[in-house]
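Peer 1: Attaching a predicted model along with its sequence, questions to come.
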Amino acid sequence: MIRLANVSHDYGGRGLLKNIDLHIAPGAFHFLTGPSGAGKSTLLKLCYGELRPNDGDVELFGQPLSALSRDALADTRRRIGVIHQDCQFLDHLSLAENVALPFVATGRQVPEADLRELLAWVGLAGQADSLPPTLSGGERQRAALARAVIMSPEVVLADEPTGNVDPEMSQRLLSLLVELNRMGTAVMIATHDLPLIRSAKTMVSARVLRIVDQGLQSAGSDL
Ligand SMILES: Nc1ncnc2c1ncn2[C@@H]1O[C@H](COP(=O)(O)OP(=O)(O)OP(=O)(O)O)[C@@H](O)[C@H]1O
């Protein structure tokens, strides 16, 4: 679905990512780890076409990124759900309206029952009308997950989805992502949270990738 071949990228200074090969296949579950500043968020952005690489090839659902027009890229992006590190919301809209935004942006109304079901799935049915500033960190992260999956994407890319929450809430978020994966969605999670990765390994067959010296390695059993 998402394929990077010999991809290199930096922001014009020192090298960051070099000769990266990566394939996110249907149903895959990947973790992406590595030190702060190693390029995890950058790699995720390359995977959903937010960034175009300085060098190498990115293919999204069989189409070279370099050949996609702006409109075609926007269509392709709807097949990819992204949970951003800072999970920003529009503070004047309710939680339900924020979650529905990707759908509404396509000019369609999200079926009310589907929205309710999705909010219940992430445990936020009771907060549908709350404004984002009144939500806790864990509630925001779960809302971000709901927003990422409302378009039924084929793959979810999550950037530190458990960044600001306690271990119990991390487990809950992980369980939701594993459940999504069991229903067929490919998942890639960028995280520093090694205990989370360890506990995931008991629930799902996950591949752990680590950015080391600008390259991508499979992490060993030391995790
Ligand atoms: N838009 C940008 N312009 C210039 N430099 C950037 C930009 N985005 C990221 N960087 C730099 O690229 C490097 C990698 O950043 P990135 O956010 O990909 O790392 P990361 O591994 O996700 O870090 P963290 O774990 O701290 O979130 C950092 O040194 C960062 O300062």
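Peer 2: Ah, there it is.
Peer 1: When you work out contacts or count neighbours from here on, use the C-alpha atoms and nothing else.
Peer 2: Noted.
Peer 1: starting at the chain centroid, how far to the longest helix along the chain?
Peer 2: As assigned by DSSP state H, the longest helix anywhere in the chain is helix 167-182. Between the centre of helix 167-182 and the centre of its host chain there is 13 Å, according to Cα atoms, centre = their mean, to the nearest Å.
Peer 1: what does the protein put close to the ligand?
Peer 2: Taking Cα under 6 Å from any ligand atom as the criterion, the chain approaches the ligand at residues Tyr11, Ser36, Gly37, Ala38, Gly39, Lys40, Ser41, Thr42.
Peer 1: how about those residues, which pair is most distant?
Peer 2: Spatially, the most separated pair among these is Tyr11 and Ser36, at 15.9 Å (Cα to Cα).
Peer 1: contacting residues around the closest residue to Arg207 other than its chain neighbours?
Peer 2: Distances taken as Cα to Cα, 6 or more residues apart in numbering put His30 closest to Arg207, at 4.8 Å, once the chain neighbours are dropped. Contacts here follow Cα atoms under 8 Å, 6 or more residues apart in numbering; on that basis His30 touches Ile24, Val187, Met188, Ile189, Ala206, Arg207, Val208, Leu209.
Peer 1: so His30 sits in a strand?
Peer 2: Yes - according to DSSP: H, G, I helix; E, B strand; the rest coil, His30 belongs to a strand.
Peer 1: And it, how close does it get to Leu157?
Peer 2: Summarising the geometry, the distance separating His30 from Leu157, computed by Cα to Cα, to the nearest Å, is 9 Å.
Peer 1: so what's in contact with those two at the same time?
Peer 2: With contacts taken as Cα under 8 Å, 6+ apart, His30 and Leu157 have Val187, Met188, Ile189 as neighbours in common.
Peer 1: okay, now the last one: neighbour count?
Peer 2: Looking back up the chat, that one is Ile189. Applying other Cα atoms under 10 Å, we find 24 residues neighbouring Ile189.
Peer 1: same check, this time on the first one
Peer 2: As a burial measure, the neighbour count of Val187 was computed by other Cα under 10 Å and equals 25.
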